[in-house]
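In: task: produce atomic coordinates for the following.
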Amino acid sequence: MISIREYHDGDLRGIAALQRYVDAEMSVAPAEFEDLWTWMYAKNPFGPLRAVVAQDEAGNIVGHEGIMPFRLCVDGRAVTGGITGNLIVKEELRGSLLFPRLVSALVKGLGSAGFDIGYGPVRPKMYASMLALGYRDMGPLPVYVRPYDLAKIAALYLRPPIARTLLTPFLNAAQGMGNVVFRARAKVPVLRVDRFGDEHRVFLERTTKQFPIHAERTPESLNWRYFAAPNRRYEVYEAIRADGERGYVALRRMPMLGFDALAIVDILFPLVHPEIGRALLAQVHRQALESGVTVVACMLNEGNPVIPMLQGAGFLRAPEGFKMIVYEPKSCEPIFRPGMLKRWYVTWFDHDYV
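Out: Numbers count the residues shown, from 1 in each chain. Now for the predicted structure:
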């Protein structure tokens, strides 16, 4: 008999042992996972700790799911949201109803735990299951990709080998021309930063207000998100004009669908100064070339004003993206309505894995 209960102190070691049952790309060593879990949930500055576990008759933990708090601003209203993450079910139980039981148990107590909504990007393979459990579809979250090693991509997708041999010189030439065009676009100085301070506070408050719905970004929350995460390495760059107007981009190199990818986790700048955005993308380009990644990828909400700039920099919409889903507890006043995603600034900042 499998029972589901709230997380207790002392459960973390058993949860970490389940890591061998997740996708290979997402798996980390148990000790590293304990540090990561503590950062995501126990030391999260945005809201309360909430997680549930499944336990068998012998007391072994055989399933887990948590909710990673994020603070949102919705048309000027402060909202406590949470992204469900680290859903792990022991392999021999995956054909059972344990997955929906875990999700149901987690979201059932959201309101009483202090959350206004559960939300987040979901992969296509999970989409239908989450809707069946009470989540609502808010719309697509496309992923935009810029290839950097066309020959390597061709090696994965082109058959037979003679086709790769014939096309590789042309692919390399096309890649080289794209790199020259990109280099000509940077006109604002860019520096790497290792912390956000009080000098960023006004910029962050003013710039996030460009978007009626957004996750809160303060020096404290960004320092937690990018510089306190154990076993994750983020690179953050800031472009600053002579008059002090600025923007930033956060990057993380990671495996993604079999590719060595550089993820644009977050990018924020005043839309009235597109030259800042172009300078940040030029820095992304330099990092991609220096690191030798296969692709650069960025997730944004459909209708995001940054998308045309990405397209102008050679990014293409990937065939597969994410869906934004929302769960609103019945005990809370409904907040989200259809069509609101276009006014919601979403990046991989709002994500538990990237």
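
In: any regions of the stretch 151-300 of the chain where pLDDT drops low?
Out: Applying pLDDT under 70 to the stretch 151-300 of the chain picks out residues 151, 153-186.

In: cutoff 50 now
Out: Where the stretch 151-300 of the chain drops to pLDDT under 50, the residues are 162-171, 173-174, 177, 180-181, 184.

In: mind listing the strands for it?
Out: Ranges of strands within the stretch 151-300 of the chain are 190-193, 213-215, 235-240, 246-256, 259-268, 295-299, based on DSSP state E, counting those that start in this stretch.

In: which one of these lies nearest to Gly82?
Out: Between Gly82 and the strands of the stretch 151-300 of the chain, the tightest spacing by CB to CB is seen for strand 213-215, at 11.4 Å. C-beta: built from backbone N, CA, C; applies to glycine.

In: who does the closest one touch, helix- and strand-wise?
Out: For strand 213-215, the elements it packs on are strand 61-74, strand 344-345, judged by 3 or more CB pairs under 8 Å, 6 or more residues apart in numbering; DSSP states H and E.

In: can you list the strands that the last one pairs with?
Out: The reference is to strand 344-345. Partners of strand 344-345 in the sheet, by DSSP bridges, are strand 213-215 (parallel).

In: quick one: contacts of the partner strand?
Out: 70-75, 81, 208, 340, 343-345, 349-350 (CB atoms under 8 Å, 6 or more residues apart in numbering).

In: can you pull the buried residues of that strand?
Out: Residues of strand 213-215 classed as buried by neighbour count (16 or more other CB atoms under 10 Å): Ile213, His214, Ala215.

In: what are the phi and psi angles of Leu310?
Out: phi -60, psi -50 (degrees, to the nearest 10).

In: hang on, the earlier thing: restricted to buried residues, select the contacts of strand 213-215 in ChimeraX.
Out: Those of these that count as buried under 16+ other CB under 10 Å are selected in ChimeraX with:
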select :70,71,72,73,74,81,208,340,344,345,349,350
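
In: if we can go back for a sec, quick one: closest of the strands of the stretch 151-300 of the chain to Met130.
Out: That would be strand 295-299 among the strands of the stretch 151-300 of the chain, by CB to CB, at 17.3 Å.

In: angle of the closest one against strand 259-268?
Out: Angle between the axes of strand 295-299 and strand 259-268 is 40 degrees (criterion: axes from the mean of the first three to the mean of the last three CA atoms, to 10 degrees).

In: and strand 295-299, how far out from the chain's middle?
Out: 11 Å (CA atoms, centre = their mean, to the nearest Å).

In: got it, and stretch 117-132?
Out: Computed by CA atoms, centre = their mean, the chain-centroid distance of stretch 117-132 equals 14 Å.

In: now swap in stretch 29-47 and tell me
Out: On CA atoms, centre = their mean, the centre of stretch 29-47 falls 16 Å from that of its chain.

In: who touches that stretch?
Out: Against stretch 29-47 from outside (CB under 8 Å, 6+ apart): 12-13, 15-17, 19, 28, 49-51, 66-71, 80, 82, 85-86, 114-115, 216, 220-221, 224, 228-232, 352.

In: picking up where we left off before, mind putting the strands of the stretch 151-300 of the chain into a markdown table with distance to Gln311?
Out: Output for the strands of the stretch 151-300 of the chain, formatted as a markdown table (distance: least, CB to CB, whole Å):
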| stretch | distance to Gln311 |
| --- | --- |
| strand 190-193 | 21 |
| strand 213-215 | 22 |
| strand 235-240 | 20 |
| strand 246-256 | 17 |
| strand 259-268 | 14 |
| strand 295-299 | 11 |
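
In: out of those strands, which comes closest to Phe322?
Out: Closest among these, once you apply CB to CB, is strand 295-299, at 6.3 Å.
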